[in-house]
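Peer 1: test case, fold it:
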Amino acid sequence: MSYDDAVVAWTAVAVPHLEEVAGTYGAFVTYAEFGEAVQEAAGIRTKVLLHQWVGKVLAAVTAEATDPDEPLLTALVVRKDQAIGAGYAKAAGRRDGEVPDDPEMHAAKERLKLYGRYGATLPSNGGEPRFTPRIAAVRSGRLASGAPRPDPPKRPACPTCFITLPASGLCHNCE
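Peer 2: Below is the predicted model:
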């Protein structure tokens, strides 16, 4: 099977997979989870590194959306660190006419639209755009557990030149 045929097959199973993910409020998948799911569903495996082919599949998923008001299914796919990938902002820019200033917020809004569209049980207030847990923690200055992020430890200063000492405790300026 050719690489192009494999991308077509993966794209065909990617859309229903992402629609299923969108059926759960707050759900998202990592690129690795997405890649494994589409290979499994299509019955086509590759030894090509994930980052070398998954973007083509996600671009094809975006290109298949014919309604300009249809939320981007690719907003559900995030990196291992739960941040949206660079390709997402480009795809949103192609659809909307300009690249979003805040791709994370754009993706959060798109995910909320997707949850409503694909039957997720939403909170009584209709839900709100939500960042992934790690992005929410980073933006709030808190740890993923909800605990405040501790201040970094303060290092002592050199008593002679008052420059902060390196971890060795020896001042490279004065010695």
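
Peer 1: show me what the one helix or strand L112 maps to is packed against.
Peer 2: Per DSSP states H and E: L112 is located in helix 103-117. For helix 103-117, the packing partners by 3 or more CB pairs under 8 Å, 6 or more residues apart in numbering; DSSP states H and E come out as helix 86-96. Where you see a C-beta, it was placed from the backbone N, CA and C, and this is true even at glycine.

Peer 1: tell me which residues are up against stretch 160-175.
Peer 2: For stretch 160-175, contacts defined as CB atoms under 8 Å, 6 or more residues apart in numbering pick out 155-158.

Peer 1: need the contact list for the nearest residue to T62 once chain neighbours are set aside.
Peer 2: Nearest residue to T62, sequence neighbours excluded (CB to CB, 6 or more residues apart in numbering): A91, at 4.4 Å. When contacts are counted by CB under 8 Å, 6+ apart, A91 touches 58-59, 62, 72, 74.

Peer 1: state the pLDDT value of the closest residue to V7 other than its chain neighbours.
Peer 2: Closest residue in space to V7, ignoring its immediate chain neighbours: K56 at 5.1 Å, by CB to CB, 6+ apart. Per-residue pLDDT puts K56 at 92.

Peer 1: with the one 3 residues further on instead?
Peer 2: Per-residue pLDDT puts A59 at 90.

Peer 1: can you offset everything so residue one is 116?
Peer 2: Happy to do that; since the first residue is 116 now, the last one works out to A174.

Peer 1: ok, it - contacts?
Peer 2: A174 neighbours (CB under 8 Å, 6+ apart): 202, 206.

Peer 1: secondary structure element holding it?
Peer 2: helix 165-179.

Peer 1: downstream of that helix, the next helix or strand is which one?
Peer 2: strand 192-193.

Peer 1: mind listing what's buried in stretch 188-197?
Peer 2: 188-194, 197 (16 or more other CB atoms under 10 Å).

Peer 1: only alpha carbons, please: show the helix holding A174 as CSV.
Peer 2: Once non-C-alpha atoms are left out, helix 165-179 reads as follows in CSV (Å, rounded to 0.1, in the frame of the first residue of the first chain):
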residue,chain,number,x,y,z
LEU,A,165,4.5,9.7,14.3
HIS,A,166,5.5,13.3,13.8
GLN,A,167,6.3,12.6,10.1
TRP,A,168,2.8,11.4,9.2
VAL,A,169,0.2,12.4,11.7
GLY,A,170,0.1,16.1,10.6
LYS,A,171,-0.9,15.0,7.1
VAL,A,172,-3.8,13.0,8.6
LEU,A,173,-4.9,15.9,10.8
ALA,A,174,-4.6,18.4,7.8
ALA,A,175,-6.8,16.0,5.8
VAL,A,176,-9.4,15.9,8.6
THR,A,177,-9.5,19.7,8.6
ALA,A,178,-9.7,19.8,4.8
GLU,A,179,-12.7,17.5,4.9
